Every structure is written in structure tokens, then in C-alpha cells.
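Asks: Coordinates for the following, if possible.
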Amino acid sequence: MNLKKNRIQFLTWLAAEGADPTSSLFSRAYLRTIAIKNGMAWAPAWIVKDKGRVDSRGFYRVPEYAEFMKQNPAIAVVSPAQTAAPVMAGSV
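Replies: Numbering: from 1, shown residues only. As a prediction, the model looks like this:
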């Protein structure tokens with residue numbers, strides 16, 4: 001797999017957010033959230049503007065992610081949100 005630097009960076013951001021390393025289907029909203037958290041205004045055009053990636057309305061296939069994670073298992077990072085204890089109503 002030969003990916004451009006910006007694609008590798010976005011796939012790394014997905015991993016850092018705790019995205020399932022075997023997944024290849026993501027919502028536009030999730031992709032945009034990851035982009036915004038990392039200083040981008042929108043989800044990457046290489047994903048959302050490619051009609052061949054559309055699975056259903058608002059969902060895109062990113063097969064590079066699962067392949068990227070197979071080749072780079074050390075990148076898988078547990079998101080702080082996954083390890084933090086949930087805040088119960090009235091406990092704050």
C-alpha cells in the first residue's frame with residue numbers, strides 16, 4: 001500500500017481516536033469530527049468526494065484504514081474517551 005503523507009496522517013488520527021482497527025466504514029459526521037479535532041475544516045476530500053467510496057447516505061468506505069492498521073499495529077492507541085470513567089448525572 002502506497003499512501004500519500006496526508007492520507008497516512010488522517011488514518012493515524014482515526015487510530016488515535018480509537019476507531020476499530022478492522023473497520024472500513026465511517027460516517028461523514030465521524031470523519032468530520034476527527035478532521036475538526038485535528039485542525040481541518042472538513043472531512044478529507046479524498047474520502048467524501050469519491051463517489052466510489054459511498055456505502056449509503058452519509059457513510060463512506062475507507063478500506064485503506066483496516067489495511068493500514070494491519071501493517072502498523074503499533075499505531076493503535078486507546079482513546080482517552082475509552083478509558084475515562086463515565087460521569088453520572090448529579091455526581092459532578
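Asks: Might you report the residue contacts of Arg32?
Replies: Trp42, Ala43 (Cβ atoms under 8 Å, 6 or more residues apart in numbering). From N, CA and C alone the C-beta is placed, and that goes for glycine too.
Asks: Following element in sequence after the helix or strand it falls within, please.
Replies: For Arg32, the host element (DSSP states H and E) is helix 28-37. Next along the chain after helix 28-37, taking DSSP H and E as the criterion, comes helix 45-48.
Asks: quick one on the thing from earlier: going by neighbour count, list what's buried in the helix holding Arg32.
Replies: For helix 28-37, the buried set under the neighbour-count rule, 16 or more other Cβ atoms under 10 Å, comprises Arg28, Tyr30, Leu31, Arg32, Ile34, Ala35.
Asks: Include distance to Pro44 and pLDDT when you put those residues into CSV, please.
Replies: Below are these laid out as CSV (distance: Cβ to Cβ, whole Å; pLDDT from 0 to 100):
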residue, distance to Pro44, pLDDT
Arg28, 11, 96
Tyr30, 12, 96
Leu31, 7, 97
Arg32, 10, 97
Ile34, 9, 96
Ala35, 7, 96
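Asks: any idea which of these is closest to Thr12?
Replies: Nearest to Thr12 out of the buried residues of helix 28-37 is Ile34 (Cβ to Cβ; 10.4 Å).
Asks: isn't the closest one right next to Leu14, touching?
Replies: Yes - using Cβ atoms under 8 Å, Ile34 is in contact with Leu14, at 6.0 Å.
Asks: Give me the phi and psi angles of Pro21.
Replies: Per-residue torsions, Pro21: phi -70, psi -10 (degrees, to the nearest 10).
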